[in-house]
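K.L.:
Just a sequence and a predicted model for now, questions to come.
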Amino acid sequence: MTHEELIAIINHNAMNLDQAGFSPALLAVVELHKSKQIAVTAGTNEPFTYQLVCDVCIRLYPCDTIQAIEKALL
């Protein structure tokens, strides 16, 4: 799931999440854990490939935090 898709799901469920007080917190965490594209190479003469990583964790996206949020929402 992309960052934008996750934001859309949170916004779609905002009324239920707001009643529990979670919507602003979830949106803040998801915004912190945005994906970014980085160039990766296997060696000095190899071409670059691009991977999505979490901007905070610097792990492959979706990071553990985003995966946990997705699992709880679906």
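P.N.:
Received the coordinates, thanks. Numbering: from 1, shown residues only.
K.L.:
least trustworthy helix or strand in the chain by mean pLDDT?
P.N.:
When each helix and strand of the chain is scored by mean pLDDT, DSSP states H and E, helix 14-20 comes last, with a mean of 69.
K.L.:
Helix, strand, or coil at the residue lying farthest from the centre of the chain?
P.N.:
Most distant from the centre of the chain: Asn45, at 31.5 Å, with distances by CA atoms, centre = their mean. With DSSP: H, G, I helix; E, B strand; the rest coil as the basis, Asn45 sits in coil.
K.L.:
again, but for Ile38
P.N.:
Ile38 ends up strand, using three-state DSSP.
K.L.:
and it, how many residues sit next to it?
P.N.:
Ile38: 12 surrounding residues under other CB atoms under 10 Å. Any C-beta I mention is one placed from the backbone N, CA and C, and that applies to glycine too.
K.L.:
now Ile69
P.N.:
19.
K.L.:
My impression was that it belongs to a strand - is that right?
P.N.:
No: applying three-state DSSP, one finds Ile69 to be helix, outside a strand.
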